[in-house]
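1. coords please:
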Amino acid sequence: MVVLGNAEIWRVEELRMRAPLSIMTEDKALIDQHRDWLAPDFLGDDEQCDFVFQSWLLQLDGRIVLIDPCTGNGRPHPMPVFDHLDIPFIERFEATGIRPEQVDYVFCTHFHHDHCGWNTQLRDGRYVPTFPRARYIFVQREYERWDPRRPGYREVDYNIGVFERSVLPVMEAGLAELVGDNHRILPGLEVQPAHGHTGGHSILHLTTRADQAYFTGDLFHHPLQMIYPALHMPGCDDLQQAIESRRRAVSLALESHALLIPAHFPAPHMGRLRQQHGIVRFEKLTNEG
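-> Down below sits the predicted model:
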């Protein structure tokens, strides 16, 4: 657990996979230039790194907020690593001391399968909300992006069926709230736009009595993107917009010295940006709270 002012933050891991950094850049000289701080957490001797699929639990002033509830069990997927998972995610969730029925809000930075799957569970042949007392905060722009019933819907092979399984059942249960690009969930907790990775991709800005943090979703898959915002993983809805969103976030993080909490970073999972002599560096979390 990380303590940030009047907020407490827990991490719940679903799974992880190892992938070569070459999926983001094949510029070995660039990688070597930063190897001293990337290794070993963000770059191994095999030139690969871990991508962790995890959710964040935030307790703020007595309210519980779940951020990006992963992929979910028993769902078909074209990538074998995600296909029909059978993972004790809920047991890991409850190991934090929080039960699903205690969650007040669920927020998905976007509707890719690994950020909204556990919105629902399959029970008696139907997908039903996993967090029965929660208000699910859905950004309207993102909801419309993935609704296959809308004219002009653009299908993505790794996200087929996700809307029907993980989003629509929550709406039909009356637990979803469609919100605009900027929305205050609680005092000190605001949804802010960071479009590009998907049409309505958003981040969550936490302001506590002592500090600030950004839950950045898939704005950053790897710390090198904070130094070189043009680096990217395949699959953005609008790559140029994603790059501009990264640049804005880097500027905000440097100005506020906010803690950055991306969706897929391996341990220590989060950190801060510092600039010295014009050079930006990501400094991993060492001790907070």
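2. stretch 278-289 - what's its average pLDDT?
-> Computed over stretch 278-289, the mean pLDDT rounds to 77.
3. residues making contact with it?
-> 1-4, 37, 41, 223, 226-227, 250, 254, 259-260, 268-275 (C-beta atoms under 8 Å, 6 or more residues apart in numbering). In short, each C-beta sits where N, CA and C put it, glycine included.
4. how about that stretch: buried residues?
-> By 16 or more other C-beta atoms under 10 Å, the buried positions in stretch 278-289 come out as 282, 284, 285.
5. if we can go back for a sec, any of the contacts of stretch 278-289 buried? List them.
-> 2, 4, 41, 223, 226-227, 250, 259-260, 269-273.
6. from those, pick the one nearest residue 55.
-> residue 269 (11.7 Å; C-beta to C-beta).
7. surely the closest one and residue 10 touch.
-> No - the criterion here is C-beta atoms under 8 Å, and residue 269 misses it with residue 10 at 11.2 Å.
8. check which residues of the one helix or strand residue 31 maps to are buried.
-> Assigned by DSSP states H and E, residue 31 belongs to helix 28-38. Neighbour counts over helix 28-38 (16+ other C-beta under 10 Å) mark 31, 34, 38 as buried.
9. I'd like the mean pLDDT over it, please.
-> On average, helix 28-38 scores 92.
10. next, residue 188: phi, psi?
-> The phi/psi pair for residue 188 (degrees, to the nearest 10) reads phi 90, psi 0.
11. and it, how many neighbours?
-> 17 (other C-beta atoms under 10 Å).
12. not counting residues beside it along the chain, what's closest to it?
-> Spatial nearest neighbour of residue 188, chain neighbours left out: residue 207 (4.6 Å); criterion: C-beta to C-beta, 6 or more residues apart in numbering.
13. and for residue 60?
-> Per C-beta to C-beta, 6+ apart, closest to residue 60 is residue 7, 4.8 Å.
14. thought the one you found was touching residue 206?
-> Yes - judged on C-beta under 8 Å, residue 7 makes contact with residue 206 at a distance of 6.1 Å.
15. in the protein, where is pLDDT below threshold?
-> 287-289 (pLDDT under 70).
16. quick one, phi/psi of the residue positioned nearest the centre of it?
-> The residue lying closest to the centre of the chain (C-alpha atoms, centre = their mean) is residue 217, at 2.7 Å. Backbone torsions of residue 217, given as degrees, to the nearest 10, read phi 50, psi -130.
17. can you tell me how far it is from residue 55?
-> To residue 55, residue 217 is 11 Å away according to C-beta to C-beta, to the nearest Å.
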